[in-house]
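Chemist: Pasting the sequence and the predicted coordinates here, then a few questions.
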Amino acid sequence: MKVKISKLVKGALFIMLWTVSLCAFAQNVAVRGVVSDANGEPLIGVTVQVVGTAMGTVTDIDGNFVLNNVPTNGMLEISYVGMRSQTIPVNGRTVINVTMAEDTELLDEVVVVGYGTMRRSDVTGSIAVAKAEDILKNSSFNALEGLKGKASGVNIFTNSGQPGGPSRVIIRGIGTINSSSNPLYVVDGVVMEDFQFLNPNDIESVEVLKDASSAAIYGARGANGVILVTTKRGGQGDRPILSYNGYVSVSNPASKMEVMNAAEFMDALRIANENHAKWWADRPQSTFTPSDTRLFNSDGSPKYDTDWQDEATRTAISHNHQLSIQQGGKNSSVGAFLNYTDQQGVLLNTYMKRVNAKLTYDAKPLSWLSTGVNVLVNHTWQNDTDEGGGGQVPRRTMIEMPPFLPVKLDGRWTNSFTPTDPFKFEAMANPVHILETSKRMRYRTQLFGNAALTFHLTPHLDLKTQFGVDGHLRKWKEYYPTDLINISSPNGRAYMSDTQVLYWQEETYLTYNNTFGKHRLNAMAGLSWQERTETWSGMQTEGFANNFFGFHNLGAGTIPGTPWSGYNRWAMNSYFLRAAYSYADKYMATVTGRMDGSSRFGENNKYAFFPSVGLGWLVSGEDFMKDITAVDMLKLHSSYGITGNSEIGTYSSIATISSGTTLLNGVRAPIGTPSRLANPNLQWEKTAQFDFGVNLILLKNRINLDVSAYHKLTTDLLLARPVPHSTGYTSVMDNIGSVSNRGIDFLLNTANIRTNDFNWNTTINVNFNKNRIEKLGENNEDIEPGPNWVSGSQTILRVGESLSSFYGYERLGVWTQEEAAEAAKVGRHVGEAKRSSDKRILGKGVPDWTGSLINTVNYKNFDFTLDLQFTAGVQILQQYNHSVEDRFGYTSGLKTILYDGYNGTNPNTMVQAIRNANLSGQNSELDSRWVCDGSYIRGNVIQLGYTFNNSALQQANISNLRVYFNVNNAFVIHSKEFRGYDPEGTSQGNHQWGQNMFFFQYPKPRTFTLGVNLTF
């Protein structure tokens, strides 16, 4: 044992002495050299750093550098803006000359623009870019969900938690009143409808054209911005690549509304009767003790306590599977993609399923010819629940249904008329009954694609012609059984409709791209034809003896309704051009023009011209920036141009005829009557936009800043102009208004930490928009556009105010006992709401501020993403306050009725006294009690992933394997005054001013997802 220890000690001493001797004899040297470019020209201001030390210098006017005391075994890092950095070992040398190669990564990065691509450095407009890997992190059915928060200047409102539920996209504010505010979606060069149903797994990248310089190439359809989508195609190598991406998710409602339980409901009813006797003594009195022994005990206490939100919701399990095969060759590539998605909703029996198949083929059969084919078939089927209006639908009845009722009683579905006691509730079927027995099926089949030929006329000149189609077949099938009171009782109701849409476009254009010394020119000119036709028909039947047939046999109904059908068509013819010029990769200019002619507009205004110009300056390319080594790139860009909005009714400019019937000699006869005046001068809404932006990259791409400020002015707004009643009409569609939008888009990407094992990156996206109505008609009269409901129009259009302004009364408090006499003078009672005498603007539904904060951390094989989103400067109109707080007695309601209602001791409350509206009458008006702060912070996505080492997978021929776990909608921090499910939503369908207005909601889920990405 001593021998072994002795040998170990001797060995250790030898190694120590050898190491010390090496250190002792290691010497530092002086290193000099010259740094030049590929042409031998010396480079001034190049950074030469000794790796791992603070020792460094920069080259002089002749490219020379000198460093003293450099370790002979040291490393030099050579870096220079616009050039590729190098790390060079010293190896005892005293002279080291360096030749640097141009780093073209920043300059040559390509982005998709309308009808082609451009180098990012040459772009003079504002374009936001999102990549597939960022979009797919959301693990969502809807492609828009994944884009949310990823593109500056783009607001995406997820207005429902229902599978296939409505989303709304607003780019740089709303600039229209009667036209659509939706952006134009262009997928692989073809305009697409129903973009929200596109399979997000097929997306390669998304570019959003925000300003006029980038969007004017789409002319009359570009005013609301353009979203360009590039989908995946074939592979790049000879070896086929097989990929599978799949996940399974579990969802639950993320929140609940605070409704009364059965005991609280009975307490509230008792107090309501007591208050009625005290403060409504001038009205008939009525009290009762519940006596229905099926529902109540002998002391009047309820036997059942049903949480209708729990009963109507569920834990939903969903899954998604994407299989792709991609292969490339010398002159061709092919890609095949297949997807199946089953997304279950958290409300019972709601779901959406999708089968999506996509095939692409690209080939270059001849040196002068390239071809491409892209075909997509998308079929979805869905059972949904109604989200619009104020009918007795599940999203409402699961809040309003009295909690002392069970789901079933004596084997039969309960409803609000089940009690034999005289509660006098509104007629309501219970939500579980509606969800389990009614059907609202939506079948959508889409055929989408294009074929293109590109003729390479010269090395720099291409002629491309492409034909694209977007066809839709939509079938709606509904059945409501015979026992749903206030919906379809006693006859049952079946409904069926068919809609066929065919859109086609043919576009042919020349592209010229060449470099002449320091001059670079990218020019394009072409022409386009587009046409969209739509036909529809439908029928409805009632009078079913039973529910056996459902919607499968409309002939079983004995009360047929009047069938209907319709047709419309519009067409466009366009001519467009763009020229992008850059000099010395420092000075850029882009000129765009498009002439559009549309059948939608008046005979005297069929065509309009939409021009734009953009300028750019790569400041970092100037000589005076050479010494500022911290700046990798600094670019200024500005643009001005005009875009249009043609998205109005197909026949708005011409006189139309309505059909109907009338009695002639006692016999009903068909008639046709004029229904609208013609306006041959009707034209596009025009949006003039000025944009100024800064792109800044610092510290070797560690900080990347993109900021743009804009001012948009939309004129010739389409409005219904009043006309003398002597014409027989009340109004005619005309161009008589204007709206402005001013704002800032701010996007900051930072690489906070970069090491071999650990990386931390942050993205901050902040968008500000201020919307203002500038003009309305000749006299700037207020317009109340609806939606019309309690208190009339709940929004108002007023010059100087924002679009989507809520309009109602100010709630000043409640009439107290001390104010009984004063209340009586104005026809009010103690405990009723005290309101302003006139209506006021109470808030708005479109936010000033939106944004996201996304942190991504990579540690070895682990990756972690935290995606936070926020909204500020916006309000919510809680329309459900009408029935769940302001008129108790017809239904159940919120706990606020019981605990915050006026009781004689809380004079400062804003909640009316508990009363039974059946006795005391309802007092419900849209007022400030309904409006609350809509700001929020959302934990949008939290994701943890792990990528397995390739070396451990080679035997199975697996090139990549990653597993991940997601939490979507992890939390929402919002105002305590908000009493709904989620602060982002609408129940107003596609109503222009319906944002953040809801009369109950489909609950948004919190979703936990386990997924895998596998590549062979």
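Modeler: In hand now; what should we look at? The structure displayed is predicted, hence computed values, not measured ones. Numbering: from 1, shown residues only.
Chemist: who's in contact with the most centrally placed residue in the chain?
Modeler: By C-alpha atoms, centre = their mean, the chain has its centre lying nearest to Ile156, at 2.7 Å. For Ile156, the contact set (C-beta atoms under 8 Å, 6 or more residues apart in numbering) comprises 144-145, 147-149, 167-169. Any C-beta I mention is one placed from the backbone N, CA and C, and that applies to glycine too.
Chemist: For it, pull up the helix or strand it's in.
Modeler: strand 154-158 (DSSP states H and E).
Chemist: Give me the sheet partners of that strand and which way each runs.
Modeler: Applying DSSP bridges to the sheet, strand 154-158 is found paired with strand 167-171 (antiparallel).
Chemist: For the strand it pairs with, give me every contacting residue.
Modeler: With C-beta under 8 Å, 6+ apart, strand 167-171 has contacts from 142, 144-145, 153-159, 181-183, 196, 208, 210, 224-225, 227, 846, 986, 995.
Chemist: try it again with 7 Å
Modeler: If you take C-beta atoms under 7 Å, 6 or more residues apart in numbering as the criterion, strand 167-171 is touched by 142, 144, 153-159, 181-183, 196, 208, 210, 224-225, 995.
Chemist: Next: stretch 70-78.
Modeler: 26-29, 31, 35, 46, 48-51, 85-90, 92, 96, 98, 100.
Chemist: That stretch: which residues count as buried?
Modeler: Across stretch 70-78, burial judged by 16 or more other C-beta atoms under 10 Å covers 70-71, 74-76, 78.
Chemist: JSON lines for those, including secondary structure and distance to Met257?
Modeler: Converted to JSON lines, the buried residues of stretch 70-78 look like this (DSSP: H, G, I helix; E, B strand; the rest coil; distance: C-beta to C-beta, whole Å):
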{"residue": "Val70", "secondary structure": "strand", "distance to Met257": "71"}
{"residue": "Pro71", "secondary structure": "strand", "distance to Met257": "70"}
{"residue": "Gly74", "secondary structure": "coil", "distance to Met257": "68"}
{"residue": "Met75", "secondary structure": "strand", "distance to Met257": "64"}
{"residue": "Leu76", "secondary structure": "strand", "distance to Met257": "66"}
{"residue": "Ile78", "secondary structure": "strand", "distance to Met257": "64"}
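Chemist: Make a ChimeraX selection of the buried ones in the contacts of stretch 70-78.
Modeler: Typed into ChimeraX, the line below selects the buried ones among the contacts of stretch 70-78, using 16+ other C-beta under 10 Å:
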select :31,35,46,48,49,50,88,90,96,98,100
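Chemist: Just the mean pLDDT for stretch 328-347, thanks.
Modeler: Averaged across stretch 328-347, pLDDT comes to 94.
Chemist: So which bits of it are buried?
Modeler: 328, 333-335, 337-347.
Chemist: Quickly find the element holding Phe690.
Modeler: Assigned by DSSP H and E, Phe690 falls within strand 685-698.
Chemist: so what secondary structure elements neighbour that strand?
Modeler: Contacts defined by 3 or more C-beta pairs under 7 Å, 6 or more residues apart in numbering; DSSP states H and E place strand 685-698 against helix 212-215, strand 631-645, strand 703-715.
Chemist: Can you mark which positions in that strand are buried?
Modeler: So strand 685-698, judged by 16+ other C-beta under 10 Å, has buried residues 685-693, 695-698.
Chemist: And for stretch 597-605?
Modeler: Along stretch 597-605, these residues count as buried under the neighbour rule (16+ other C-beta under 10 Å): 598-602, 605.
Chemist: Can you tell me what sits against the helix or strand where Asn374 lies?
Modeler: Using DSSP H and E, Asn374 sits in strand 369-383. With contact meaning C-beta under 7 Å, 6+ apart, strand 369-383 is reached by 163-164, 188, 197, 199, 349-365, 439-455.
Chemist: Listing partners with orientation, what would you give for that strand?
Modeler: Here, using DSSP bridges, strand 369-383 pairs with strand 351-366 (antiparallel), strand 439-458 (antiparallel).
Chemist: chain center to that strand: distance?
Modeler: Counting by C-alpha atoms, centre = their mean, to the nearest Å, strand 369-383 is centred 22 Å from the centre of its parent chain.
Chemist: ok so, going back, could I get the strands paired with strand 369-383 as a markdown table with mean pLDDT?
Modeler: Below are the strands paired with strand 369-383 laid out as a markdown table (pLDDT from 0 to 100):
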| stretch | mean pLDDT |
| --- | --- |
| strand 351-366 | 96 |
| strand 439-458 | 97 |
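Chemist: Dump the ones you listed to CSV, plus mean neighbour count and distance to Asn245.
Modeler: What follows is the strands paired with strand 369-383, written out as CSV (neighbours: other C-beta atoms under 10 Å; distance: least, C-beta to C-beta, whole Å):
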stretch, mean neighbour count, distance to Asn245
strand 351-366, 18, 13
strand 439-458, 17, 21
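Chemist: I'd like these as JSON lines, with distance to Asp706 appended.
Modeler: As requested, the strands paired with strand 369-383 are arranged in JSON lines below (distance: least, C-beta to C-beta, whole Å):
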{"stretch": "strand 351-366", "distance to Asp706": "31"}
{"stretch": "strand 439-458", "distance to Asp706": "31"}
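Chemist: So which of those is nearest Met398?
Modeler: When these are compared by C-beta to C-beta, strand 439-458 sits nearest Met398, at 16.5 Å.
Chemist: Could I get the CA-only coordinates of the strand holding Ile156 as CSV?
Modeler: Taking C-alpha atoms only, strand 154-158 is exported to CSV below (Å, rounded to 0.1, in the frame of the first residue of the first chain):
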residue,chain,number,x,y,z
VAL,A,154,-51.2,43.7,-35.0
ASN,A,155,-54.0,43.2,-32.4
ILE,A,156,-55.6,39.8,-32.4
PHE,A,157,-58.7,39.4,-30.2
THR,A,158,-59.6,35.9,-29.2
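Chemist: Give me the mean pLDDT for that strand.
Modeler: Mean predicted lDDT for strand 154-158 stands at 92.
Chemist: got it, and stretch 420-427?
Modeler: pLDDT averaged over stretch 420-427 gives 93.
Chemist: So which residues make contact with that stretch?
Modeler: Residues contacting stretch 420-427 (C-beta under 7 Å, 6+ apart): 288, 290-292, 402, 416-417, 485-486, 890-891, 918.
Chemist: Just the ones of the residues you listed in helices?
Modeler: Assigned to helices by DSSP state H, the following of the contacts of stretch 420-427 qualify: Asn918.
Chemist: any idea which of the contacts of stretch 420-427 is least confident?
Modeler: Where pLDDT dips furthest among the contacts of stretch 420-427: Phe288, at 77.
Chemist: and it, what does it touch?
Modeler: Contacts for Phe288 (C-beta under 7 Å, 6+ apart) come out as 421-422.
Chemist: What spatial separation is found between it and Asn273?
Modeler: As judged by C-beta to C-beta, to the nearest Å, Phe288 and Asn273 stand 8 Å apart.
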